[in-house]
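Visitor: What would the 3D arrangement of this be:
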Amino acid sequence: MALKPRTLVLGAVGLLTAGALAFVAFRTEPVPVDLSAVQSAPMQVTVDADGKTRIAELYEVAAPIGGIAQRAPVRVGDAVVAGETVVAVVEPSEAGLLDPRSRAEAEATVRGAEAGLFQARSLVRQAEEELDYAKNQYERSKALVERGVASLTRLEDAEQQLHIREAALEAAQSGLEIAMGTLDRARAALSEPAASRNGTDDACCVRLTAPADGVVLSIDMISERPVTAGTRLLTVGQPSDLEIVADLLSTDAVGLAPGTRALVDRWGGPAVLEARLARVEPQARTRISALGIEEQRVDVVFDLITPAEDRPGLGDGFAVFLRIVAWEADAVLQVPLSALFRRGDGWAVFRAEQGIAEEVAVTLGRRNQRTAQVLDGLSPGDAVITHPSDAIADGSPVVDRATLAAP
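Guide: Coordinates of the predicted model:
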């Protein structure tokens, strides 16, 4: 039985509709992705750290004697000239006031010293008299021996007595000097403090001049006050002679060689400053991090290379941010870190080839905070997928999200 033409048309339409529905049902939609081109460009590996400026050479002025430090003749920020500008004046200490008991003891000591001096003078007079007698005896014995009346033994005895009396006189004179010194010390303990001269007499005080050219950085003693020998009075330095100290992990500091370049940012000015590694301090210290982990930290010191006129306003103790260049090269094939993922013991990326994601194993070299050096697996111009999701696998269709957003 032959089919009617209308029946054939309706059947054909049904078959086409069913095929279209099947195609839509089983077709895989491409996954929107972000693509980044692998390129050869300059690359730096840096160690980032917070730092602080400080003046390289500080000169501290201390009191050479104990006494009264007069009110400071300079103020913080004043310019000083080495050997010329008076920066401090110290007046030697005066005797202190005595309480009644101490005064009584001092007066008794003076009386005892006076008595000792009187006794010493008496001993000197006695020794002088005995020496005169010994001299007369010696001369008499010598004359008798010359006339043959006395024996030589008598002359020798007289000579011995003469020498003994001479030594006794010397001892008595030494005792007199000791007694005089003892009396002077006892009387000095009773002396009253003199009226303060407030540094008006040049002979009364020690005037300290600046040890170096620069400015006054800090003053420890502004007002007049008693000080002991060695007390720091003020500090002088040259503000333009700055260096930077940064606190690094010891593992990061080990790989830094003297002369390593550093970029100084976030110091308050518009330009990026340059610095060079001067030294790594020889001793590290243990510090507890914010996460409660023990860390070995070490101070690393950098010399500022940028001239002072290009960093106006930067002073002692200012905060800066350092990007220490541990390694750099001009032309390095690199891929974004966001495109990498682990595959076994190695690394891999998804490369987009004609709308298909292809998993590619890569060999990496150095890396910084944004990119990694590619040693093998990719070529310049390859498009890699950044931040790949779980919806992407080897062979998945993909589409650049940037093309979808384009009008």
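Visitor: Quick check on the closest residue in space to S218 that isn't next to it in sequence: phi, psi?
Guide: Counting by Cβ to Cβ, 6 or more residues apart in numbering, S218 lies nearest to T235, which is 4.8 Å off, once chain neighbours are set aside. Where C-beta positions appear, they are placed from N, C-alpha and C, glycine not excepted. Dihedral angles of T235 (phi, psi; degrees, to the nearest 10) stand at phi -130, psi 140.
Visitor: Now for T235, how many residues are close by?
Guide: Look at T235: counted by other Cβ atoms under 10 Å, it has 19 neighbours.
Visitor: what's the answer for the one 10 residues further on, then?
Guide: Neighbourhood size, V245 [other Cβ under 10 Å]: 15.
Visitor: before we move on, what about the one 4 residues further on?
Guide: The burial metric for L249, expressed as a neighbour count using other Cβ under 10 Å, is 16.
Visitor: Repeat that for G83.
Guide: Residues near G83, counting by other Cβ under 10 Å: 10.
Visitor: And for E243?
Guide: E243: 18 surrounding residues under other Cβ under 10 Å.
Visitor: For S240, see how far away the residue lying closest to it once chain neighbours are set aside is.
Guide: In space, and not counting its chain neighbours, E243 is closest to A56: 4.6 Å by Cβ to Cβ, 6+ apart. Going from A56 to S240 by Cβ to Cβ, to the nearest Å gives 10 Å.
Visitor: pLDDT below threshold where in the stretch 51-200 of the chain?
Guide: 94-97, 192-200 (pLDDT under 70).
Visitor: And the helices in it?
Guide: 100-147, 152-189 (DSSP state H, counting those that start in this stretch).
Visitor: correct me, but the residue nearest to E243 touches D241?
Guide: Yes. A56 is in contact with D241 according to Cβ atoms under 8 Å; the separation is 4.9 Å.
Visitor: before we move on, the earlier item: and of the helices of the stretch 51-200 of the chain, who's closest to R71?
Guide: When those are compared by Cβ to Cβ, helix 152-189 sits nearest R71, at 29.3 Å.
Visitor: Which secondary structure elements does that closest one sit against?
Guide: helix 100-147 (3 or more Cβ pairs under 8 Å, 6 or more residues apart in numbering; DSSP states H and E).
Visitor: next one: phi and psi at the spatially most central residue of the chain?
Guide: By Cα atoms, centre = their mean, the mean C-alpha position of the chain lies nearest to V245, the distance being 7.1 Å. V245 adopts backbone torsions of phi -120, psi 130, taken as degrees, to the nearest 10.
Visitor: I'd like to know how far it sits from A56.
Guide: 10 Å.
Visitor: now A212
Guide: 12 Å.
Visitor: what does I65 give?
Guide: In terms of Cβ to Cβ, I65 sits 30 Å off from A56.
Visitor: for I222, same thing?
Guide: 26 Å.
Visitor: And V236, by the same measure?
Guide: V236 is 13 Å from A56, by Cβ to Cβ.
Visitor: between the two, who's got more neighbours?
Guide: Neighbours per residue (other Cβ under 10 Å) separate V236 from A56, with V236 holding more: 25 against 15.
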